[in-house]
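sequence and predicted structure are below.
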Amino acid sequence: MTLKRLAGYGPAFVLAVSLFLIWELVVRAGLVASNLLPTPVAIGRALYDNWDVIFGHTVQTSLETVIGLLIATLLGLGLAILLDLSEGVKRAVYPLLITSQTIPMVALAPLLVIWFGFELTPKIIVVTLYCFFPIVVACLDGLLSTDPQLMKLLHSMKASRWQTLWLVRLPGAMPSFFSGLRIAATYSVTGAIVGEYVAAQQGLGLYMKTAASSNAIVLVFAAIVITAVLSLLLFGLVSVIEGIALPWHQRQGRKR
Amino acid sequence: MTLKRLAGYGPAFVLAVSLFLIWELVVRAGLVASNLLPTPVAIGRALYDNWDVIFGHTVQTSLETVIGLLIATLLGLGLAILLDLSEGVKRAVYPLLITSQTIPMVALAPLLVIWFGFELTPKIIVVTLYCFFPIVVACLDGLLSTDPQLMKLLHSMKASRWQTLWLVRLPGAMPSFFSGLRIAATYSVTGAIVGEYVAAQQGLGLYMKTAASSNAIVLVFAAIVITAVLSLLLFGLVSVIEGIALPWHQRQGRKR
Amino acid sequence: MQNKHEDAPKLIVKGVSKTYRDGKRLLDVLEPLDLTVGRGEFVSLIGPSGCGKSTLFNIVAGVDEPGSGTLAIDGDWQGERTGRVGYMPQQPLLLPWRTVEENVLLGLDVLRLPRRESQQQARDVLKRFGLHEFADSYPDTLSGGMRQRIALLRTVLFNSSFLLLDEPFGALDALTRITLQMWLLDLLQMYHSSVLFITHDVREAILLSDRIYVLSARPASVLRVVDIDLPRPRRQEMLTEDTSIHLERELLSLLVKEQPL
Amino acid sequence: MQNKHEDAPKLIVKGVSKTYRDGKRLLDVLEPLDLTVGRGEFVSLIGPSGCGKSTLFNIVAGVDEPGSGTLAIDGDWQGERTGRVGYMPQQPLLLPWRTVEENVLLGLDVLRLPRRESQQQARDVLKRFGLHEFADSYPDTLSGGMRQRIALLRTVLFNSSFLLLDEPFGALDALTRITLQMWLLDLLQMYHSSVLFITHDVREAILLSDRIYVLSARPASVLRVVDIDLPRPRRQEMLTEDTSIHLERELLSLLVKEQPL
Amino acid sequence: QQRGNNAPAQSTTTTTTTPKQPLTTVKLALDWTPNTNHTGVYVAMNKKWYQDEGINLQILPYSSNVTPDVLVSNGKADVGISSTESIVADAAVGQPTVSIAAIVQHNTSAFAALASSGIKRPRDLDGKTYGAFGAPYENAVVSQIIKHDGGKGNFKSITLDIDPLQALQSHRVDFVWIYQGAEGIQAKHEGMQLNMFPVINYGIADYYTPNFIASPAAIKAKPDLLHRFMKATARGYEYARTHASESAQILLQETPKGTFPDPSYLQDSQQYLSEHYADPGRRWGLQDAAAWHGYPEFILKAGGVKDANGKNVTSLDLNSLYTNQFISS
Ligand SMILES: Nc1ncnc2c1ncn2[C@@H]1O[C@H](COP(=O)(O)OP(=O)(O)OP(=O)(O)O)[C@@H](O)[C@H]1O
Ligand SMILES: Nc1ncnc2c1ncn2[C@@H]1O[C@H](COP(=O)(O)OP(=O)(O)OP(=O)(O)O)[C@@H](O)[C@H]1O
Ligand SMILES: Cc1ncc(C[n+]2csc(CCO)c2C)c(N)n1
Ligand SMILES: [Mg+2]
Ligand SMILES: [Mg+2]
């Protein structure tokens, strides 16, 4: 990374620091009770003091997140292609997918625990459930807005349905797909946390829960910091992958 | 709606009915304990029996959802435009938005309750928080992939930044915006439910929670059915609005 | 490609018409229309802008269906028409995510030819077209004429036995155009190709064609069929011969009557 | 629009060059290049495909910056160039979400003119261009020539005092093209407009221009500047006069040497 | 690998220092994050008393979404920790569980309000806001204690998903329902002044909470295992009762790191509970019929019990809900 690129993060840095400062001052001034909203300094110290414990939980959560996100990506792409097959399939399956997003954890948790226990599986399922949906919607919308002229061109070549998909529609939908993936990546860590709330022996979600129930709000916030950092990393990773995978699209963005 | 359009929902209907049938049989056969997963028939009956109570909760939840979704839409559009202003703003603000998506309810709930009480406000905030993000990401991605040639054309006319935005970039980003809005609409009801979990006197979330704590899983599922229906309605509404607002885009989809 | 009728004309169009629905309005684009392209023939269509030439091409290529009438490629009245023509649409329609070379190879990918061979083929023709420098560029930085040449290459690589070319030289300067016209004539010779050709340049039509169909304004019908008897191989100089100049005047005056403006 | 120098030439281009970076490769597109368009003058550029004509236009229009050199519109060497020209790019670039009429009005919307008046103006010219039937259609169903005409209309409605037209008639049939050429000449007369014009049709350049710049192959430099002394108003018949035919040969032979293929 | 219980990882076939027979795994589902209600279990684990009984104890983590009752009645846990109300509710929805021991002999729960609020006795609660946790019987209990103290029993109820002490501090609710041994002590450590009204002092019949539970099926199928489990467990609680300070230390040590970010109140909490595990001279865990009729009948009558379809249940066979058969003499 060149110095120039680093400098690009200047404004982000300035904004972050000022926000932290305001936050610190607001809490210190007693405008918000510090047992509800600890100061950044207190959070930083808690993070430092408990790093050995938090680190183990972070590893666990990261693992669940990455596996779940990978599965969600494949599932999301697959479902988008399936829904794209025909208006009929879309009408039939889309409502199911939407319904899957409205199931609250109270209802799902017992089934998850009974069927899949307390290990990795239920968390991966929750992450997948959280993440596949934005991918499906964005990717499908991308597929559906393929230029009809391009479809005609491929049709004139007697390209099969799959060739049209593979050669024209999927590549054209990739920017939308990545848009969905960006959303999914952001949600994935939260998904793992929720999964760990349901049942876990390890993980940041469990850590937050125990911290919260002993009223150690500062530790909850320390875990949130890690969660946010993980989410940012995944989000950034998606953008980097997009840059590599879609050089033609990236260039448009930069030229602007 | 013509008969022909109704007939288009045939496959959806068939699939739904078959799934319900399989579900009913699986539970009746004892493959899943019915206290964890009640049968569709039992859910239907519970819904019917408790309709008067559930109806009141539904109204409350719908209200929260719609208000929150409207705010999220405006906020999402506004933020996308803000982030689009410059690479610097994007670098500075995007991480904040991502972080906002990683805050678990355990940490947020007390703050919400203390600052905003038990009325509509905290639920609307949760819904907004759930929904604005997909809108921002999708809309921003739409804005960023404007055809650079079009930007040049407008530039040659000495169009101001806002004119370019208004005349070319925003209209071009509308399909992406609606893609994000579709995701947001799906999440909005869930957001209201989660908000009601935090603190509520009324609403489907409260209903689910009390039902769950008295082990009345069938009532939880009855509430889920309503939640899913509300989500589907909102999703459909977004698609209808898109059809009206973007006649040029709709047409491409249909021609395919 | 089926060759049931070895001696049938390459293309027969019989009474083909087309009406579009634009919102609530019905738009008659093609009146019932007859047209034939013999084996190895070069047939041009000229007609006013918006009269329906591209529409007819879409129908011949099989990507649109006629409102009435029938057509046959290689004497086959029933079969699918797609896949049997090299169709070059009026817009270059390059894929922004494929490099120039990959765009040229699109048709061969659809035919599932092994990349190794086709790649060499593509490199060769790109060189011939003065585009080898840009083989690895993405199309969005190319000039208008370069894009058009790439679209032409993509078309002939896919199928050179029957070409449908919709204003293939429209964005090219006079000289590049002449060079490519000659290249095309050579190619046709070599592969005994048949061509249906849209141009707005009457002189180009005269230079290249065996027969010219003059179409009326929308809805298009055939105003006149003109056979061009110039000897082959054709040369640019033939355009300044008296017969050519006479023909050019005649065709233009036919079109004048159709001018809607 | 500033008119500090009422008598300065419309456009002066001085030593303008351009190099693109395509990935790691540097691509010289324009050699340092001089060019002038006087007030009310019609100046054409001809040159091989891909030589850099559109690039030069982008620079003149102010949407791209020269690598070196300077330019002045209305004698203003410092000011912004954007907004002072009616720029018609080579691709029509119609907005798919605007109807034909709204596309034509785009420039006037940018100028913040009240819709009421401009709408009437648009309807009138659309009629003149044979497009009034399609005023409320979206562009994606239009023919190539129709799109080009709409782009031309959008351009002249935005600014007719200085026009940059990049192959404005490239997709039009011979007759429509002649009609629009005549329409354009009338318009220029009426508004005392200046024009910088790209065409690949040498005859068109001769018919319309006061002066023709012949550009070399990429990187483009000025090969020759030819003044056309045909009297105005111009008529099609002038093209068959001896001087015109002689001129056409000369220009073509100049281009032949530049042919890279 | 299970890490939550911090027990030496082992399967039923591996042997320990005193190998008599292969160990049988027993899974225990907790009702809350580890706290002083659970000390006996951790002590017995620490002292290897479960191994002595041939048991490899596996502690399942607490989940607010899946009650221990569900895990037990579905056979996913062999034993669990729950409360009288839950056991009654389980029976009402047809997924019965059975209480096999009372952890604390008397109900130590209380309603609490901030001392600064001016709420001095239950009847002051009239017209105030109650921060509920979502159980169906809460309203009945609250209005009962208000009426018992001479009030009208009118109050506003908000169902919360936040820590009860935090809710009080927010001033958005006026009173909550807590355990004196847990939140009560914690409040003291945080310098919060609370006025507490123990429910049993205000017209609510005494009952057991929390309890150990097992499913009727398990009681039938493997009574011996449950017996051995309870033997070790009772030993643990007996030890915790008499060695409060050391037991608190053991609890801290045996639970995963981070469970008690601020362990300072553990000692006080343990001190409090050690005094309540058992009545003087009475064996830990024993249950009386009185406790299984007074309070359950009250909530049944007050409409606090619903069947699986949300319909009120007004009578149950309460005697089948508990047993003393696993408390050895
Ligand atoms: N943004 C860009 N980045 C890199 N190369 C570019 C860019 N724009 C144009 N070029 C290159 O510059 C050269 C000149 O392009 P230009 O469009 O100016 O040609 P032209 O003279 O208008 O050709 P034509 O007559 O075919 O339209 C081409 O080789 C093209 O690939
Ligand atoms: N999909 C469509 N829906 C509605 N109208 C259409 C459609 N496609 C073409 N048209 C109309 O049909 C007419 C003929 O279009 P076509 O593209 O065939 O013209 P053309 O002869 O190729 O013209 P040009 O020389 O300008 O390319 C036009 O008026 C156009 O608006
Ligand atoms: C450590 C702890 N465990 C449970 C509760 C929830 N709760 C509050 S009062 C009550 C008594 C009903 O039997 C219960 C279960 C809590 N607040 N703290
Ligand atoms: Mg056409
Ligand atoms: Mg050009």
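Cool, the structure landed. Quantities reported herein were computed from a predicted structural model and do not represent experimental measurements. Ligands and ions are numbered 1, 2, ... in the order given.

residue C:164 belongs to a strand?
Yes - membership of residue C:164 in a strand is supported by DSSP: H, G, I helix; E, B strand; the rest coil.

the nearest residue to residue E:136 once chain neighbours are set aside: neighbour count?
Leaving aside its chain neighbours, residue E:136 sits nearest to residue B:214 (4.3 Å; criterion: Cβ to Cβ, 6 or more residues apart in numbering or on different chains). Every C-beta, even on glycine, is put in place using the N, C-alpha and C of the backbone. Residue B:214 has 25 neighbouring residues, counting by other Cβ atoms under 10 Å in any protein chain shown.

low-confidence regions, the chain specifically.
Just going to use chain A. A:1-6, A:8, A:250-256 (pLDDT under 70).

wait, chain E
E:1-20, E:329.

what's the answer for the stretch 101-250 of chain C, then?
Checking the stretch 101-250 of chain C against pLDDT under 70 turns up nothing.

what sits against residue 110?
In the absence of a named chain, chain A is used. Residue A:110 is in contact with B:36, B:217, E:65-66, E:70, counting by Cβ atoms under 8 Å, 6 or more residues apart in numbering or on different chains.

nope, chain C please
Here residue C:110 is in contact with A:154, A:157-159, A:163, A:167, C:158 (Cβ under 8 Å, 6+ apart).

narrow those to those in helices?
Per DSSP state H, helices hold the following members of the contacts of residue C:110: A:154, A:163, C:158.

nearest to residue E:272, of those residues?
For the ones in helices among the contacts of residue C:110, the residue nearest residue E:272 by Cβ to Cβ is residue A:163; the value is 74.3 Å.

the residue lying closest to that closest one once chain neighbours are set aside and ligand 2: what is the separation?
Distances taken as Cβ to Cβ, 6+ apart put residue C:110 closest to residue A:163, at 5.6 Å, once the chain neighbours are dropped. From residue C:110 over to ligand 2 the distance is 23 Å, taken as Cβ to the nearest ligand atom, to the nearest Å.

can you sort out which of the ones in helices among the contacts of residue C:110 also neighbour ligand 5?
Residues of those in contact with ligand 5 (Cβ under 5 Å from the ion): none.

any of these buried? List them.
For the ones in helices among the contacts of residue C:110, a neighbour count by 16 or more other Cβ atoms under 10 Å in any protein chain shown gives the buried set as A:154, A:163, C:158.

so which bits of chain E are right by chain A?
E:2-4, E:32-33, E:60-61, E:63-66, E:70-71, E:74, E:76, E:163, E:165-166, E:169-170, E:186, E:190, E:256-262 (Cβ under 8 Å from any Cβ of the partner chain).

list only buried entries from the residues you listed.
Here, 16+ other Cβ under 10 Å leaves E:2, E:4, E:33, E:60-61, E:63-66, E:70-71, E:74, E:76, E:163, E:165-166, E:169-170, E:186, E:256-261 buried among the residues of chain E next to chain A.

is the helix or strand containing residue C:256 anywhere near ligand 2?
Assigned by DSSP states H and E, residue C:256 falls within helix C:242-258. No - with Cβ under 6 Å from any ligand atom as the criterion, ligand 2 is not reached by helix C:242-258; the gap is at least 11.6 Å.

what does that helix rub up against?
C:46-48, C:51, C:202-203, C:205-206, C:212, C:214, C:216-217, C:223-224, C:226, C:228-230, C:238-239, D:173-175.

repeat that for stretch A:56-75.
A:120, A:123-128, A:130-132, A:135, A:181, A:184-185, A:188-189, A:191-193, A:195-196, A:200, A:202-207, A:223, A:226-227, A:230, A:234.

now, which of these lie within helices?
A:120, A:123-128, A:130-132, A:135, A:181, A:184-185, A:188-189, A:191-193, A:195-196, A:204-207, A:223, A:226-227, A:230, A:234.

show me what from chain E comes close to ligand 3.
Counting by Cβ under 6 Å from any ligand atom, the residues of chain E that sit close to ligand 3 are E:32, E:35, E:83, E:85, E:109, E:133, E:164, E:177-179, E:182, E:209.

which pair in the residues you listed spans the largest distance?
E:35 and E:85 (18.2 Å).

look at the two and report which has more neighbours.
The neighbour count for residue E:35 versus residue E:85, taken as other Cβ under 10 Å, is higher for residue E:35 (25 against 22).

smallest gap between chain E and ligand 2, at which residue?
Nearest residue of chain E to ligand 2, counting by Cβ to the nearest ligand atom: residue E:65, 54.4 Å away.

and that residue, that's in a helix?
No - assigned with three-state DSSP, residue E:65 falls outside any helix and is coil.

tell me where the stretch 51-200 of chain C has strands.
C:68-73, C:86-88, C:162-166, C:194-198 (DSSP state E, counting those that start in this stretch).

make a markdown table from the buried ones among the ones in helices among the contacts of residue C:110 and add distance to residue E:273 to it.
Output for those, formatted as a markdown table (distance: Cβ to Cβ, whole Å):
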| residue | distance to residue E:273 |
| --- | --- |
| A:154 | 74 |
| A:163 | 72 |
| C:158 | 83 |
